[in-house]
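> fold the stuff below for me.
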Amino acid sequence: MKGFLDFLFSLLLIIILSPLMLAIVAVILIFDGKPVIFYQKRVGYKNQCFYIYKFRTMKNGTKEKATALLKDIDSQVTGIGKVLRKLSLDELPQLFNVLKGDMSFVGPRPLIPQEKKIRNLREQYNVFSVKPGITGLAQVNGRDNLTDERKALYDKEYVENHTLWMDLTILVKTFVNVVKSKDVNDSCGDVVKEAEDLENNIKVMSFNILCRGEGEYAREKRAPHVVELIRREAPDVIGFQEATPEWMEYLKASLNNYNCVGVGRDDGKNKGEFSAIFYSRNRFLLRNSGRFWLSETPDEASLGWDGAYNRICTWAILKDLYTTRKFVVMNTHADHVGEVAVNEGMKLIVKKVRGLNTLPTFVTGTFNIKEGGRDYNIVVNSGVLRDSKYVCEDIVNENTYNGFGVGEQCVVDYIFVNKSITPVKYNVLTDKNGDLYISDHYPVVVDCKFK
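The predicted model follows:
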């Protein structure tokens, strides 16, 4: 259907707009001479190259680069070209590309082959499974003021969710933007810098969701409220503790904006609780991941020292598509009984972090250690990790273990960071479902910046 509509409307528009296009041809010939049409190789459907048609707006001899990469662009655009580019009239010959079937009215904009960075991202996101468009989702959400990473994410969103209604909406927004000359900016300048500053932020959550529970606190009754809180807070990365296989199945189905890593602590597969890491699928790529047990034999499922249960630490190396930066997330649930197990477990985590050299590192989890105690000091006096709570200026100082309001309440959940990360805001989310707790632990959230 979309192919038929593309053909029909491109033919009609060529007929209707032919007087305008002929007038543009005449003006270019009079003021700038030949050639009138600019042919350029672009990457389109199935990652194959084709030639795109545009009215020439650049002076003859200009190098074939993405516009934002050209230096002193004002001196390279022709007089009439500035007007055509401002009104996007230089794109009109692409109606013939649509008529031929090379392009669609709406889709990801076709790339210059030399744009390797965004081309690689599009390959990863399966963007080349659709035809490129005269306009697209990225074009109506920032256009020239977007980084390559952000453009690729908009392309991905379009490929995964496009409908006829979305196409019509994009076409209307494109028309409005053209009339307003919105987001046409040949040198990205301060707008992109501002966007990159914003994208340097990252929001990390640690949440012990309680494996089961009974009565009014049964997992099935609490689960929707756990997901509701996460959707509202929209953290970029989440370290879950006590995520049983049932929890994992529910979280994966409910949090479809996240990918995850982690294995069951009892067999390294799907048995026992997970210390899982969930991360935004639209912002991060997984570069590597693994796990180790807090025990004398960390490479195999095992009980450590005098611990009551097998304890596991999950790790992931993520690449931020906004900044291309790589960083590490570790997530664990330390033992709550064995004093030796907790002590040696903290030493093992510090040792693993020390081996990461300079990569920015977050370590989230339920550590079952008290602030200022011996095992806490092993971490914060290590020279490699800091308690994000006491680095932030903006702090909500609350206990993280609530025990459903019964017994001792204390801080046992932490987000530790190394010196490559600047924590800005620390918060303990004490949300409830009416009078009922969502878990016997409150989630901890830290807003950070990369240095």
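
> excluding sequence neighbours, find me the nearest residue to residue 53.
Spatial nearest neighbour of residue 53, excluding adjacent residues (CB to CB, 6 or more residues apart in numbering): residue 93 at 3.7 Å. In this view, the C-beta of every residue, glycine as well, is placed from N, C-alpha and C.

> my bad, residue 290
Among residues not flanking residue 290 along the chain, residue 315 sits closest, at 5.7 Å (CB to CB, 6+ apart).

> before we move on, which element is that neighbour in?
For residue 315, the host element (DSSP states H and E) is strand 312-320.

> which elements pack onto that strand?
strand 277-280, strand 284-293, strand 326-333, helix 339-354 (3 or more CB pairs under 8 Å, 6 or more residues apart in numbering; DSSP states H and E).

> mean neighbour count, distance to residue 362 and mean pLDDT for those - can I get that in TSV?
Converted to TSV, the helices and strands packed on strand 312-320 look like this (neighbours: other CB atoms under 10 Å; distance: least, CB to CB, whole Å; pLDDT from 0 to 100):
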stretch	mean neighbour count	distance to residue 362	mean pLDDT
strand 277-280	24	10	96
strand 284-293	17	12	94
strand 326-333	24	5	97
helix 339-354	19	10	96
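
> okay, these in CSV with distance to residue 135 next?
Output for the helices and strands packed on strand 312-320, formatted as CSV (distance: least, CB to CB, whole Å):
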stretch, distance to residue 135
strand 277-280, 26
strand 284-293, 27
strand 326-333, 33
helix 339-354, 47
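
> count the neighbours of the closest residue to residue 1 other than its chain neighbours for me.
Using CB to CB, 6+ apart and skipping residues adjacent in sequence, the residue nearest residue 1 is residue 164, 7.6 Å away. Using other CB atoms under 10 Å, residue 164 has 11 neighbouring residues.

> quick one: residue 164 and residue 4 touch, right?
No: Residue 164 lies out of contact with residue 4 (CB atoms under 8 Å); the separation is 11.9 Å.

> for residue 346, give me its contacts.
334, 367, 369, 375, 378, 379 (CB atoms under 8 Å, 6 or more residues apart in numbering).

> walk me through the domains of this structure.
2-185, 200-450 (automatic domain parsing).

> hey, least reliable of the ones you listed by pLDDT?
Lowest mean pLDDT within those: domain 2-185, at a mean of 84.

> what helix or strand does residue 9 sit in?
Counting by DSSP H and E, residue 9 is part of helix 2-31.

> for residue 356, same thing?
Residue 356 belongs to no helix or strand, assigned by DSSP H and E.

> surely it meets residue 328?
Yes: with contacts counted by CB under 8 Å, residue 356 reaches residue 328, the gap being 5.7 Å.

> next, count neighbours for residue 57.
Other residues close to residue 57 by other CB under 10 Å number 23.

> what's the helix or strand following the helix holding residue 9 in contact with?
Sequence-wise, the next helix or strand downstream of helix 2-31 (DSSP H and E) is strand 37-43. Identification of contacts with strand 37-43 by CB under 8 Å, 6+ apart yields 49-58, 64, 93, 110-113, 115, 119, 128, 132.

> and if we set it to 10 Å?
With contact meaning CB atoms under 10 Å, 6 or more residues apart in numbering, strand 37-43 is reached by 25, 28, 48-58, 60, 62, 64, 81, 90, 93, 96-97, 102-103, 108-115, 118-119, 122, 128, 132.

> now residue 291: closest residue in space, sequence neighbours ignored.
Leaving aside its sequence neighbours, residue 291 sits nearest to residue 314 (CB to CB, 6+ apart; 5.0 Å).

> just the pLDDT for residue 197.
48.

> quick check on the residue nearest to residue 53: phi, psi?
Backbone torsions for residue 93, taken as degrees, to the nearest 10, come to phi -60, psi -10.

> count of neighbours near the nearest residue in space to residue 432 that is not next to it in sequence?
Closest residue to residue 432 apart from its sequence neighbours, by CB to CB, 6+ apart: residue 438 at 6.6 Å. Residues near residue 438, counting by other CB under 10 Å, number 24.

> report the contact partners of residue 438.
207, 209-210, 217, 222-226, 228-229, 402, 429-432.
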